[in-house]
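Q: A predicted structure for the sequence below; I have some questions about it.
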Amino acid sequence: MSTTITNNLSFSDWAKMVNAQHPDILAYMRKSTDPLDRVIAKRIMQTAGAINP
């Protein structure tokens, strides 16, 4: 049995949703020692409009 979820959100809409629902996770990722975590969190927050580029 397989479950598929179709979601037609654009990346910017998804980023805004993630930024609104999970700011604590993004803050943790921004403070991570892993550079990839920091870059991903920064890109999500920039796309959501939470920080300036």
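A: Yep, it's here.

Q: give me the element the most centrally placed residue in the chain is part of.
A: The C-alpha lying nearest the average C-alpha coordinate of the chain belongs to Ile44 (CA atoms, centre = their mean; 3.9 Å). Ile44 is part of helix 35-48 when elements are defined by DSSP states H and E.

Q: rewinding a little: which non-adjacent residue is nearest the residue nearest to the centre of the chain?
A: Of all residues not flanking Ile44 in the chain, Ala15 sits nearest, at 4.8 Å (CB to CB, 6 or more residues apart in numbering). For every residue, glycine as well, the C-beta is placed using N, CA and C.

Q: Buried residues in the host helix or strand of that neighbour, which are they?
A: Element membership for Ala15, per DSSP H and E: helix 11-21. For helix 11-21, the buried set under the neighbour-count rule, 16 or more other CB atoms under 10 Å, comprises 15-16, 18-19.

Q: Which two of the residues you listed have the greatest separation?
A: Looking at the buried residues of helix 11-21 by CB to CB, the two members farthest from one another are Lys16 and Val18, with 7.5 Å of separation.
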